[in-house]
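1. let me see the structure of the following:
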Amino acid sequence: KCVLTICCNYWQMLSCLEYMFHDLGLVEEFNMNPIILKRWLLSIQENYRNNPFHNFRHCFCVTQMMYGMIHLCELQERVTPTDLVILMTGAICHDLDHPGYNNAYQINARTDLAVRYNDISPLENHHCAVAFQILSQPECNIFA
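-> Predicted coordinates for the structure are as follows:
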């Protein structure tokens, strides 16, 4: 299977992520347009920074682990399709646009993110905001 191989470039990782959504039946269940799914995944990849850890490869690894856990724990038989799409989307989006420094740094340095989110989980709020910004674009809204 695609997800069991070591992916070495963005195109392979994007292809594997797309495969996961199809394999879990999410594309069919939620009537996702396959072209929009591709655009959404590409936009996700473009919104991960090229920093040492919280980059697109990390996104892929976390999502691949989630996909593996869904199969290993037979979650498709235990949770709803909505739960599955939440797990997969959350895994993909969990560190979007991560600047490479943790919340403590953001707050202590009084960065724009810390100020914007009033020192309350600035990174997590930012990752979520970026995810919603991407989904708000009609050409990237996999849930439209």
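2. need the nearest residue in space to Y67, chain neighbours excluded.
-> Leaving aside its sequence neighbours, Y67 sits nearest to M20 (Cβ to Cβ, 6 or more residues apart in numbering; 4.7 Å). All C-beta spots, glycine's among them, are computed from the backbone N, C-alpha and C.
3. please read the previous query as pertaining to K38.
-> Distance criterion Cβ to Cβ, 6+ apart; nearest residue to K38, sequence neighbours excluded, is E18 at 6.4 Å.
4. same question for Y48.
-> Y48's closest residue in space is F56 (Cβ to Cβ, 6+ apart), at 4.0 Å.
5. distance check, that neighbour against M69.
-> For F56, the distance to M69 (Cβ to Cβ, to the nearest Å) stands at 20 Å.
6. okay, the two: which has more neighbours?
-> Taking neighbours as other Cβ atoms under 10 Å, F56 and M69 compare with F56 leading, 21 against 12.
7. list the contacts of the more buried one.
-> By Cβ atoms under 8 Å, 6 or more residues apart in numbering, the residues touching F56 are 10, 13, 44-45, 48.
8. tell me which of those is nearest to Q106?
-> Among these, Y48 lies closest to Q106 (Cβ to Cβ), at 17.7 Å.
9. quick one on the thing from earlier: can you put the contacts of F56 in JSON lines and add distance to L123 and neighbour count?
-> Rendered in JSON lines, the data for these read as follows (distance: Cβ to Cβ, whole Å; neighbours: other Cβ atoms under 10 Å):
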{"residue": "Y10", "distance to L123": "23", "neighbour count": "16"}
{"residue": "M13", "distance to L123": "22", "neighbour count": "22"}
{"residue": "I44", "distance to L123": "17", "neighbour count": "22"}
{"residue": "Q45", "distance to L123": "19", "neighbour count": "18"}
{"residue": "Y48", "distance to L123": "13", "neighbour count": "22"}
